[in-house]
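S.K.: Let me see the structure of the following:
(one chain, ligands or ions: 1)
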Amino acid sequence: MSGYIQEDIDPEELAHRTELASAIAGSVRDLIDATVRTEVGETDIAEARRLIAAATEILRKDQLPGPFGIRFNADGTKRSWGNAVLGRRNPIAPPVDIRHETEHSWLEVDLGPQYEGPAGLVHGGVLALVFDQLLGSTAEFQGVPGMTGTLTVRYRRGTPLGPIRGEARVDRVEGVKTFVTGTISVDGEVTAESEGIFILPRWARGEVPEAMRKSVGEG
Ligand SMILES: CCCCCCCC/C=C\CCCCCCCC(=O)SCCNC(=O)CCNC(=O)[C@H](O)C(C)(C)COP(=O)(O)OP(=O)(O)OC[C@H]1O[C@@H](n2cnc3c(N)ncnc32)[C@H](O)[C@@H]1OP(=O)(O)O
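M.R.: Prediction:
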């Protein structure tokens, strides 16, 4: 399938590029937060827009023709820099770091004002986004990857903006379907629960590369 790219970059060069990716995305995240919360007037807005346009022009000097895709090194390390949740170079992504343990996976992330839904609370769609990635990555890490077939979320109480913790584990595997459950909690209290069914698509059956089944170093 297109978009999965084998691309060998030596470790030193990759570390350098990763640093640059994180740096530019971090600057733009800061800009997003500043934009959401700004109270400045017309003159400052006009000046800020002029500077942002100049920065955009610099970045446009050398662009990929399309999305970043998912890139692998021969050692199985993986880069999903455009991913909406994990993407190192995607300012829309919080970005989330998912940690994988033997039995479960977890994440901790600070969701700022750009993820607001109800006043002061995280948007329900953003929580679904985080669950989709957390549960999907958990299935992938356990060697039973799939595309999201069904994702259900039960919102038990509002999730305040700020630090959240997510946890997930594979509940069971039935043929090509992996059932994963997870929670999001704040200060030790569960605010949302989710179950996802991840399905190994027809086109991938019998040919999931080793790098895909046990990938490391995401983001
Ligand atoms: C080179 C190797 C690649 C490996 C592939 C792994 C890829 C992911 C890897 C790593 C991800 C890391 C984390 C990601 C996190 C983010 C994930 C996303 O955002 S994914 C984007 C949103 N989801 C979609 O766009 C799916 C769109 N839908 C489809 O592509 C198909 O409908 C798909 C794959 C879900 C199923 O289609 P069928 O043709 O492959 O499957 P059929 O053979 O018809 O069904 C197999 C079994 O699944 C059930 N099933 C089918 N669709 C279902 C559904 N939607 N929900 C529940 N069950 C379903 C069926 O009843 C059947 O069950 P029975 O074996 O008979 O018991």
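
S.K.: so who does the closest residue to residue 162 other than its chain neighbours touch?
M.R.: Nearest residue to residue 162, sequence neighbours excluded (CB to CB, 6 or more residues apart in numbering): residue 110, at 6.2 Å. Yep, even glycine has a C-beta here, placed from its N, CA and C like the rest. The contact partners of residue 110, taken as CB atoms under 8 Å, 6 or more residues apart in numbering, are 94, 162-164.

S.K.: which among the residues you listed end up buried?
M.R.: The neighbour-count criterion (16 or more other CB atoms under 10 Å) marks 94, 164 among those as buried.

S.K.: can you redo the contacts of residue 110 as JSON lines with distance to the ligand, pLDDT and secondary structure?
M.R.: Conversion of those to JSON lines gives the following (distance: CB to the nearest ligand atom, whole Å; pLDDT from 0 to 100; DSSP: H, G, I helix; E, B strand; the rest coil):
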{"residue": "94", "distance to the ligand": "15", "pLDDT": "94", "secondary structure": "coil"}
{"residue": "162", "distance to the ligand": "24", "pLDDT": "98", "secondary structure": "strand"}
{"residue": "163", "distance to the ligand": "22", "pLDDT": "98", "secondary structure": "strand"}
{"residue": "164", "distance to the ligand": "18", "pLDDT": "98", "secondary structure": "strand"}
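
S.K.: In the contacts of residue 110, find the pair that's most separated.
M.R.: Farthest pair in the contacts of residue 110 (CB to CB) is 94 and 162. Separation: 11.9 Å.

S.K.: ok, and what's touching the helix or strand residue 51 falls within?
M.R.: In the assignment (DSSP states H and E), residue 51 maps to helix 42-59. Under the criterion CB under 8 Å, 6+ apart, residues 24, 31, 38, 40 lie in contact with helix 42-59.
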